[in-house]
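Novice: take this sequence and fold it.
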Amino acid sequence: MPRKPRFYLPNNPVHIVQRGHNKNNVFFENEDYKVYLEWLQEGSEWYEVPIHAYALLPNEIHILASPSQKEAASRMMQYQGRRYVPYVNAAYGKTGTLWQGRYKASLIDPETYFLNCMLYIENLPVRDGLVKSPGAYKWSSYKANAQGKKNALITPHEVYKTIARGDKKRQEKYTAMTKAGLSDEVKTNIQDAWQTGTPLGSDKFKKMVEKKLKIKVGHAKRGRPRKNTA
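Specialist: Numbers count the residues shown, from 1 in each chain. Take a look at the predicted model:
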């Protein structure tokens, strides 16, 4: 069966997800998270992929970024992967596959789903029971976006900048949005999109993607409705 193509548009946000093989851990000590972020930043800068939000979980990573070119995201992920996998193998005496196949990616409609996707990603540590609040998690971008903590990896997106004037008010508004949370429907839509690689947004957005890429993008949901597991 041929691989489903990934859809990219220059400078359009994309939600990138990569899981450990068989959902096994890919991070084991604090140093692992640190070196991954260092290589991710190098790849982000080298291939011009501004990153707006991320969460590194023990067995998976989520990144919201805006690749400058069609192949930029893939090159960034290859850059860190070619460094991180040998690092883990050498540090822990492992062999074989670290990741569960190719990373997954979903184009995000900036107008309807960008902020939702930020909130979804940065709340994942809470969803997984790693912390009680997103601000307590060390390996995500939440402190940069909600508390103004300096993070060289983060480039604020224009949609994020428009939620309020001034950094302090913007951070307060974003914190309030975090506390309000996302509906189950929105969370399910986001998860369905990245799992299938389907662009996420309005019908107008999807038609625009199809027109520019000259390809049908398909639908995220297939078959009978399923329970939300996000």
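Novice: separation between residue 36 and residue 104?
Specialist: Here residue 36 is placed at a distance of 18 Å from residue 104 (CB to CB, to the nearest Å). Every residue, glycine included, has its C-beta placed from N, CA and C.
Novice: if you could redo that for residue 75, that was the one I meant.
Specialist: Taking CB to CB, one finds residue 75 at 17 Å from residue 104.
Novice: compare these two (neighbour count), which wins?
Specialist: A direct count of neighbours by other CB atoms under 10 Å for residue 75 and residue 104 places residue 104 higher, at 19 against 15.
Novice: let me see the confidence value for the residue lying closest to the more buried one once chain neighbours are set aside.
Specialist: Counting by CB to CB, 6 or more residues apart in numbering, residue 104 lies nearest to residue 17, which is 4.7 Å off, once chain neighbours are set aside. For residue 17, the model assigns a pLDDT of 98.
Novice: pretty sure residue 17 contacts residue 62?
Specialist: Yes. With contact defined as CB atoms under 8 Å, residue 17 reaches residue 62; the gap is 5.4 Å.
Novice: which of these two has more neighbours?
Specialist: The residue with more neighbours, out of residue 17 and residue 62, is residue 62; 24 against 18, by other CB under 10 Å.
Novice: wasn't that one part of a strand?
Specialist: Yes. Assessed with DSSP: H, G, I helix; E, B strand; the rest coil, residue 62 lies in a strand.
Novice: all helices for this protein, in order.
Specialist: Along the chain, counting by DSSP state H, helices occupy 30-46, 72-92, 114-122, 124-127, 142-147, 158-161, 167-180, 184-196, 203-213.
Novice: re the thing from before, pull the contacting residues for the residue nearest to residue 104.
Specialist: Taking CB atoms under 8 Å, 6 or more residues apart in numbering as the criterion, residue 17 is in contact with 60, 61, 62, 63, 103, 104, 105, 194.
Novice: okay if I get those as TSV plus pLDDT and distance to residue 50?
Specialist: Putting those into TSV (pLDDT from 0 to 100; distance: CB to CB, whole Å) gives the following:
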residue	pLDDT	distance to residue 50
60	97	22
61	98	17
62	98	16
63	98	11
103	94	18
104	95	20
105	95	15
194	95	19
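Novice: got the residues you listed as CSV, with distance to residue 123 columns?
Specialist: Formatted as CSV, these follow (distance: CB to CB, whole Å):
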residue, distance to residue 123
60, 14
61, 15
62, 10
63, 15
103, 21
104, 19
105, 20
194, 15
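Novice: residue 167: how many residues sit nearby?
Specialist: Neighbours of residue 167 (other CB under 10 Å): 11.
Novice: and the pLDDT at it?
Specialist: The model reports residue 167 with a pLDDT of 95.
Novice: can you pull the contacts of the nearest residue to it once chain neighbours are set aside?
Specialist: By the measure of CB to CB, 6+ apart, the closest residue to residue 167 outside its immediate chain neighbours is residue 148, 5.8 Å from it. The neighbourhood of residue 148, defined by CB under 8 Å, 6+ apart, consists of 167, 168, 171.
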